[in-house]
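Colleague: prediction below, plus the sequence it came from.
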Amino acid sequence: MPIPSPQKSFLDAPPPRRSRAAAPSPSPDLREKALLVHRRLCAVYDCPIPYFHSLDPLSELISSLLSHRTRNADSGRAFKALRARFPDWAEVLEAPVSEIEALIAGVTWPELKAPRIRAVLLAVRERVGALSLDFLAEWPVEEARTWLQAIPGIGPKTSAAVLSFSTLRMPALPVDSHHHRVAQRLGLIPRSVDVGPSHPILRAQLPADWSAQQLYDNHEVLMLHGQDTCRHARPACGRCPLADICPSASATRPASPAP
Ligand code: SF4
């Protein structure tokens, strides 16, 4: 499929790598189970779920980089502090890294994230010719994800978040640690599959023609279920609407109190 390149400066850049290898086709049973999980959790968490951000894609990228292993409230505060100090992302490129680090001190690993944010912004400007990712709206999802992931510091979750959560509203499926844990316990992915490689596997279990909203809902309900019920340390299997189809239900159910 030809790749649209709306910006002339980008036409001069090397072409992006083509799509990654497709994930193995899931079995009919797994597809059916993934849909059942989606339907049941959507009934609990009330799909369609409103989008929590309406940021342009470059701003969503910065927000996503800040959010890694960080509570939403802390990364949200850091993003607002950055925005207030640098209304134009180009200003971040001129600022000392120490100032960026001080502004985002509330997130996990600010000393790593500050230089990474600058490096990613620099890479975007070099590759696109401008500090904007709006051109990705014209690209197929997998091509757009591949282009983003070619930038050091951007992984599968971040690339999917930029496309799904931003104003691009593209049909991509992010997988965070909650989503990943619930999918593992349910047997949708093997225990040996890490978060990054789980992206194409979980996406392939869902219908190819699902809209951006449907994929967003799928991510959100699995994430919410991981935060609310299928928690890391003490999953509440006793009140889980998936217990009858979950192979981990008995193994992770809290032990009965001693008589
Ligand atoms: S039954 Fe337990 S382990 Fe399985 S999804 Fe529900 S809370 Fe998680």
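Modeller: It's in. Computed from a predicted model, the values in this text were never measured in an experiment. Numbers count the residues shown, from 1 in each chain.
Colleague: flag the shaky bits of the stretch 101-250 of the chain, pLDDT-wise.
Modeller: Residue ranges of the stretch 101-250 of the chain with pLDDT under 70: none are present.
Colleague: get me the contact residues on it for the ligand.
Modeller: If contact is defined as CB under 6 Å from any ligand atom, the residues of the stretch 101-250 of the chain in contact with the ligand are 182, 185-186, 229-230, 235-237, 240, 242-243, 246, 248-249. Glycine gets a C-beta too; all of them are placed from N, C-alpha and C.
Colleague: contacts for the helix or strand encompassing residue 118, please.
Modeller: In the assignment (DSSP states H and E), residue 118 maps to helix 110-128. Residues outside helix 110-128 that contact it (CB atoms under 8 Å, 6 or more residues apart in numbering) are 7, 9-10, 13, 58, 61-62, 65-66, 68, 78, 89-90, 92-93, 97-98, 100-101, 104, 107, 131-133, 135, 151-154.
Colleague: which of these count as buried?
Modeller: Among those, those classed as buried by 16 or more other CB atoms under 10 Å are 58, 61-62, 65-66, 68, 78, 89, 92, 100-101, 104, 107, 133, 135, 151, 153-154.
Colleague: before we move on, back to that, redo the residues of the stretch 101-250 of the chain next to the ligand as TSV? Include neighbour count, distance to residue 33 and secondary structure.
Modeller: What follows is those, written out as TSV (neighbours: other CB atoms under 10 Å; distance: CB to CB, whole Å; DSSP: H, G, I helix; E, B strand; the rest coil):
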residue	neighbour count	distance to residue 33	secondary structure
182	27	13	helix
185	22	13	helix
186	21	7	helix
229	19	18	coil
230	26	15	coil
235	23	18	coil
236	14	21	coil
237	19	17	helix
240	22	15	coil
242	21	10	coil
243	16	14	helix
246	22	10	coil
248	19	13	coil
249	18	14	helix
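Colleague: just flag the most distant two among the residues you listed.
Modeller: Of all pairs drawn from these, the greatest distance, 14.7 Å, lies between 186 and 236 (CB to CB).
Colleague: pull the number of nearby residues for residue 224.
Modeller: 18 (other CB atoms under 10 Å).
Colleague: excluding its backbone neighbours, what's nearest it?
Modeller: Spatial nearest neighbour of residue 224, chain neighbours left out: residue 45 (5.2 Å); criterion: CB to CB, 6 or more residues apart in numbering.
Colleague: can you lay out the residues of the stretch 101-250 of the chain next to the ligand as JSON lines showing distance to residue 220?
Modeller: Converted to JSON lines, those look like this (distance: CB to CB, whole Å):
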{"residue": "182", "distance to residue 220": "12"}
{"residue": "185", "distance to residue 220": "18"}
{"residue": "186", "distance to residue 220": "16"}
{"residue": "229", "distance to residue 220": "14"}
{"residue": "230", "distance to residue 220": "14"}
{"residue": "235", "distance to residue 220": "19"}
{"residue": "236", "distance to residue 220": "19"}
{"residue": "237", "distance to residue 220": "21"}
{"residue": "240", "distance to residue 220": "17"}
{"residue": "242", "distance to residue 220": "16"}
{"residue": "243", "distance to residue 220": "21"}
{"residue": "246", "distance to residue 220": "19"}
{"residue": "248", "distance to residue 220": "21"}
{"residue": "249", "distance to residue 220": "22"}
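Colleague: tell me the one among the residues you listed nearest to residue 219.
Modeller: Of these, the one sitting nearest to residue 219 (CB to CB) turns out to be residue 182, at 10.9 Å.
Colleague: do I have it right that that closest one meets residue 230?
Modeller: Yes: at 4.7 Å, residue 182 and residue 230 qualify as touching, with contact defined as CB atoms under 8 Å.
Colleague: so where do the helices sit in the stretch 51-200 of the chain?
Modeller: All helices of the stretch 51-200 of the chain, identified by DSSP state H, counting those that start in this stretch, fall at 57-67, 72-85, 90-94, 97-103, 110-128, 141-149, 156-165, 177-186, 195-204.
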